[in-house]
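*Asks:* what's the 3D shape of this:
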Amino acid sequence: MPVTGYTELSKNTNNRILVVGGYLKDVEIIDYGHRAKIAVRPGGSAFNVAFCLSKLGFKVLFISCFEPGENREWPFDSLRANRNCSGGTFVYRGMDVLAVKRPSLVTLSEEVLSLIGSESFALVYATLEIGLKAAVSVSSLESSAKIVDPSPQIEFRDIADLEGFDFIIGNDYMKLREGSAKLIVKASSEGVLYRGKVFPPPEKGRDKFGSGDLFGAFFSRFLLEGLPVERAIERAVEESSAYCMTDLPLPEYAISRIVH
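*Replies:* From the prediction side, this is the model:
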């Protein structure tokens, strides 16, 4: 078993999903004044996708920036992107973002690149939370599908930067070329737009942080199960909209509601 100095890799590495991107501590402020409460949970778009995919029964390798030991209880394999990086913090109330400390923007260490370069993955999923270079560096890996979510928009400038990916799952506030066969546009509780076609939810819930991450995880699942792209989108919209109908935060929803 290879040992990296960060963590040990699983012996069974065939057919895993690689997720590269951000880990942030989600700090939710509930209510106001002396009635206010604070809830702290693990989060970040890439972490959420990795967590949901692991709950869906996939073997996941998550590469991100976090402090040594923070990954001890995570239900999937994980590696630090490099030895000097750190995660972030996301503070919010409802749908209002109150403060953000962003994770380090990094390149993946040569040791990590060497390890993942020797492995083939069922699917590669990246976000830009730890930087464009980290995401692009995994776009050439061997896998059956490569997906990128170009969030946050700090470094993202043009869809051409992401040509190595098969699918780009963007947000409706981004300046993106509609109609591309690669481009899937999330519009939160309104559904998803793909190649000029709208995929609305069966029932519209409220906007919630994490709904787009849940969509990405389920879209990945349905692609790997062999569904056509439009059907995979339709099914993933159904799953993410069900989450928007609940009051549960994403980790609790994933634990209690997601089944293999």
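*Asks:* residue ranges of the helices in the stretch 51-200 of the chain, please?
*Replies:* Assigned by DSSP state H, counting those that start in this stretch, the helices in the stretch 51-200 of the chain fall at 110-117, 132-136.
*Asks:* taking the ones you listed together, which one is wrapped up most tightly?
*Replies:* Greatest average neighbour count among the helices of the stretch 51-200 of the chain goes to helix 132-136 (a mean of 21), per mean count of other Cβ atoms under 10 Å. In this view, the C-beta of every residue, glycine as well, is placed from N, C-alpha and C.
*Asks:* Give me the distance from that helix to the chain's centre.
*Replies:* Centroid separation for helix 132-136 versus its chain: 14 Å, with Cα atoms, centre = their mean, to the nearest Å.
*Asks:* do stretch 187-200 as well
*Replies:* With Cα atoms, centre = their mean as the basis, stretch 187-200 stands 19 Å off its chain's centre.
*Asks:* what about stretch 49-68, average pLDDT?
*Replies:* Averaging pLDDT along stretch 49-68 gives 96.
*Asks:* quick one: buried residues of that stretch?
*Replies:* 49-56, 58-66 (16 or more other Cβ atoms under 10 Å).
*Asks:* rewinding a little: turn the helices of the stretch 51-200 of the chain into JSON lines, including mean pLDDT and distance to residue 83.
*Replies:* Formatted as JSON lines, those follow (pLDDT from 0 to 100; distance: least, Cβ to Cβ, whole Å):
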{"stretch": "helix 110-117", "mean pLDDT": "94", "distance to residue 83": "9"}
{"stretch": "helix 132-136", "mean pLDDT": "93", "distance to residue 83": "14"}
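*Asks:* Tell me which residue lies nearest the centroid of this protein.
*Replies:* Residue closest to the average C-alpha location in the chain (Cα atoms, centre = their mean): residue 46, at 2.9 Å.
*Asks:* Check which helix or strand it maps to.
*Replies:* For residue 46, the element it lies in under DSSP states H and E is helix 45-55.
*Asks:* on contacts alone, who are the packing partners of that helix?
*Replies:* Using 3 or more Cβ pairs under 8 Å, 6 or more residues apart in numbering; DSSP states H and E, the elements in contact with helix 45-55 are strand 17-20, strand 60-64, strand 123-127, helix 211-224, helix 250-257.
*Asks:* wait, which of these is closest to residue 235?
*Replies:* Nearest to residue 235 among the helices and strands packed on helix 45-55 is helix 211-224; the distance by Cβ to Cβ comes to 5.1 Å.
*Asks:* can you give me the angle the closest one makes with helix 45-55?
*Replies:* Helix 211-224 runs at 50 degrees relative to helix 45-55, counting by axes from the mean of the first three to the mean of the last three Cα atoms, to 10 degrees.
*Asks:* and helix 211-224, how far from the chain's centre?
*Replies:* 9 Å.
*Asks:* Strands of the stretch 151-260 of the chain, start to end?
*Replies:* Remark: strands assigned in the stretch 151-260 of the chain by DSSP state E, counting those that start in this stretch are 167-171, 183-186, 192-194, 197-199.
*Asks:* Can I get the ones you listed in JSON lines including distance to residue 118 and mean pLDDT?
*Replies:* Shown next, in JSON lines, are these (distance: least, Cβ to Cβ, whole Å; pLDDT from 0 to 100):
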{"stretch": "strand 167-171", "distance to residue 118": "25", "mean pLDDT": "90"}
{"stretch": "strand 183-186", "distance to residue 118": "30", "mean pLDDT": "90"}
{"stretch": "strand 192-194", "distance to residue 118": "34", "mean pLDDT": "92"}
{"stretch": "strand 197-199", "distance to residue 118": "38", "mean pLDDT": "93"}
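*Asks:* Rebuild these as TSV, extending it with mean neighbour count and distance to residue 36.
*Replies:* TSV is the format used below for the strands of the stretch 151-260 of the chain (neighbours: other Cβ atoms under 10 Å; distance: least, Cβ to Cβ, whole Å):
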stretch	mean neighbour count	distance to residue 36
strand 167-171	23	29
strand 183-186	22	30
strand 192-194	22	34
strand 197-199	13	37
